[in-house]
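Q: Make a model of this:
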Amino acid sequence: ENSPSKSIRICWTCPWDCSSNLLIAQLLPPPEFAFMSILVAINFFKSNSQPFPIFIIPAISFRTLEIVFTGMNPKTSVTSLPFVGSVYGRRLARLEIKTLGNLLYHFPHRYDDFRVRSKITRVQPGETVTIIGKIISIKDEYTKRGKVIQNAEIQDDTGKIGVIWFNQRYLARTIKPGETLSLSGKVDWFGRKLVMQSPDFEKVASPENIGNGLLHTGRLVPVYPETSLVSSKWLRNRISHLLAQTEMVEFLPENLLSEFDLPNIAGALSSIHFPKTPKEAELARHRFAFEELFLLHLTVFERKKAWSEVKVNWEIKIPEKEVAEFISSLPFELTFAQKRAVKELLFDLKQKKAMNRLLEGDVGTGKTVVAALGAFVVAKNGLQTAVMAPTQILANQHYNTLRNLLEPYRINVELITGDKSSASMVK
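A: Residues are numbered from 1 along each chain as shown. All right, here's what the predicted structure looks like:
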């Protein structure tokens, strides 16, 4: 925005260590460039008739989207967040979380569905439910084999049920009788007793005023990629706090959000971390998939723009007569697609900027002869062409094909492979 009180900057750090970062203000002013960038992303989604796959999203971890937040810089170290500090900073670095922006873009890889709430007397063995009640008692019990079980009892207005955890000694000091807890987990038999086994829990003020304030229970609970001593519960607390303190500025055009039914960035971040329904999480993932491609295409077009501004140090002239002779000498007639590709290739070679072109086709469609024609024109201008192949077998195949096509015109073709001595490569 042009307002002095607000600004927006979008950067994308290239995973292949290419040319630094991109500034949106530099990319968007040329109208034709902005239009092309947006059009590519739109056409990609329009051509994809299937729902966008959710599993693409973990790839987001390889890039950093940086947005100027209101009152908080996303490049600020994550250690500035309350209850993080240098120790957790080092642990988070193992997850490639170094800044506040990294933390917001550390997305869940799945969700535990704890939305079903039940009264104690209605629970059935095998159910995964959420129970809200008051702790009657909690204590450590030792088994004959020396293991420790935390045995608790919880009560609501319909009855009581046992709760057990294994080897969690700190719970007897953390949970006090009389406190109200929300517990989510599986109900099953433990001996002859129906209990909740190792449930997730959180303390609540009272069952009557619980509302939608639950973070770890009673909802779709996000489960994150973790590392040693950094749990999903800890990540949920920090991300929830960061979302509450941060106001995001939308950078995707409003017409794109409307056309593809995408949530804005604030809603998407909230929904991907703490969705109310699976559909809401899916829409958020869809938005970030679109965003990923959008920024990628901006990067591609920025590179293409920079490439087009590089002037070559030579001029290639097209010998029309010799090109026609070369084509007529082929033992076959070029197809319409080959003729079109040749025409475009020769047009590019004449320009004063470097050519950047991809020739695509199935096996046997005649890509090599088009490349050979390009090499023929370059050789007639006194320059060289390098043809690179991924394997020695393919290199030998190309060598034989190009030699048969070019040597009748006194164009020397040499083969260089890894098994050749350095002296033999010097020409």
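
Q: all contacts plus neighbour counts: C-alpha atoms, from now on.
A: Will do.

Q: in what helix or strand does the residue lying closest to Gly101 once chain neighbours are set aside lie?
A: Once flanking residues are discounted, Gly101 sits nearest to Pro74: 4.4 Å by CA to CA, 6 or more residues apart in numbering. Assigned by DSSP states H and E, Pro74 belongs to no helix or strand.

Q: Do me a favour and get the backbone dihedrals for Pro74.
A: phi -70, psi -20 (degrees, to the nearest 10).

Q: quick one: it and Thr99 touch, right?
A: Yes. Between Pro74 and Thr99 there is a contact under CA atoms under 8 Å: 6.3 Å.

Q: which other residues reach stretch 145-153?
A: 135-143, 160-169, 171-172 (CA atoms under 8 Å, 6 or more residues apart in numbering).

Q: count of neighbours near the closest residue to Asn167 other than its chain neighbours?
A: Distance criterion CA to CA, 6+ apart; nearest residue to Asn167, sequence neighbours excluded, is Val148 at 5.1 Å. Val148 sits with 17 neighbouring residues when counted by other CA atoms under 10 Å.

Q: would you list every one of the helices in the stretch 201-350 of the chain?
A: 232-245, 254-259, 265-273, 278-308, 320-328, 336-350 (DSSP state H, counting those that start in this stretch).

Q: quick one on the thing from earlier: can you tell me how far the residue nearest to Gly101 sits from Glu247?
A: 11 Å (CA to CA, to the nearest Å).

Q: what about those two, which has more around it?
A: Per other CA under 10 Å, whichever of Pro74 and Glu247 has more neighbours is Pro74, with 21 against 15.

Q: so how far is Leu296 from the more buried one?
A: 20 Å.

Q: in the helix or strand containing Ala375, what's buried?
A: If you go by DSSP H and E, Ala375 is part of helix 367-380. For helix 367-380, a neighbour-count test (16 or more other CA atoms under 10 Å) marks Val369, Val370, Ala371, Ala372, Leu373, Gly374, Ala375, Phe376, Val377, Val378, Ala379, Lys380 as buried.

Q: Please apply the same query to stretch 238-252.
A: Result for stretch 238-252 [16+ other CA under 10 Å]: buried residues Arg238, Ile239, Leu242, Met248, Val249.

Q: got a markdown table for those residues, with pLDDT and distance to Ala324 too?
A: Converted to a markdown table, those look like this (pLDDT from 0 to 100; distance: CA to CA, whole Å):
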| residue | pLDDT | distance to Ala324 |
| --- | --- | --- |
| Arg238 | 96 | 69 |
| Ile239 | 96 | 66 |
| Leu242 | 94 | 67 |
| Met248 | 84 | 60 |
| Val249 | 86 | 58 |
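
Q: nearest to Gly178, of those residues?
A: Using CA to CA, Arg238 comes nearest to Gly178 of these, at 27.4 Å.

Q: low-confidence ranges in the chain?
A: 1-72, 206-212, 420-427 (pLDDT under 70).

Q: those strands in it, which residues are they?
A: 11-12, 65-66, 110-113, 128-142, 148-155, 160-166, 180-190, 193-204, 220-223 (DSSP state E).

Q: any chance of these in JSON lines, plus distance to Ala93?
A: Formatted as JSON lines, those follow (distance: least, CA to CA, whole Å):
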{"stretch": "strand 11-12", "distance to Ala93": "19"}
{"stretch": "strand 65-66", "distance to Ala93": "17"}
{"stretch": "strand 110-113", "distance to Ala93": "21"}
{"stretch": "strand 128-142", "distance to Ala93": "34"}
{"stretch": "strand 148-155", "distance to Ala93": "33"}
{"stretch": "strand 160-166", "distance to Ala93": "30"}
{"stretch": "strand 180-190", "distance to Ala93": "30"}
{"stretch": "strand 193-204", "distance to Ala93": "26"}
{"stretch": "strand 220-223", "distance to Ala93": "18"}
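
Q: closest one to Phe260 among these?
A: strand 65-66 (20.7 Å).

Q: Got phi/psi on the spatially closest residue to Leu103 that is not a sequence neighbour?
A: The shortest distance from Leu103 to any residue other than its chain neighbours is 5.7 Å, reached at Ile97 (CA to CA, 6+ apart). In terms of degrees, to the nearest 10, the main-chain angles of Ile97 are phi -110, psi 110.

Q: From Gln392, how far off is Ile97?
A: 42 Å.

Q: Compare neighbour counts for these two and give me the winner.
A: More crowded of Ile97 and Gln392, by other CA under 10 Å: Ile97, with 20 against 15.

Q: OK, contacts around that one?
A: Contacts of Ile97 by CA under 8 Å, 6+ apart are Val78, Leu103, His106.

Q: Could you rerun that using 10 Å?
A: Counting by CA atoms under 10 Å, 6 or more residues apart in numbering, Ile97 makes contact with Ser61, Ser77, Val78, Gly89, Arg90, Arg91, Leu103, Leu104, Tyr105, His106.

Q: Show me which of these is closest to Gly418.
A: Ser61 (36.6 Å).

Q: I'd like to know how far the spatially closest residue to Lys350 that is not a sequence neighbour sits from Val310.
A: Excluding the flanking residues, the one nearest Lys350 by CA to CA, 6+ apart is Ile316, at 5.5 Å. According to CA to CA, Ile316 and Val310 sit 16 Å apart.

Q: do Ala152 as well
A: 73 Å.

Q: Neighbour count: the two, which is higher?
A: Ala152 (22 against 11).

Q: Tell me the spacing between the nearest residue to the more buried one once chain neighbours are set aside and Leu181.
A: Leaving out its chain neighbours, the residue that sits closest to Ala152 by CA to CA, 6+ apart is Ile138, at 4.0 Å. To Leu181, Ile138 is 13 Å away according to CA to CA.
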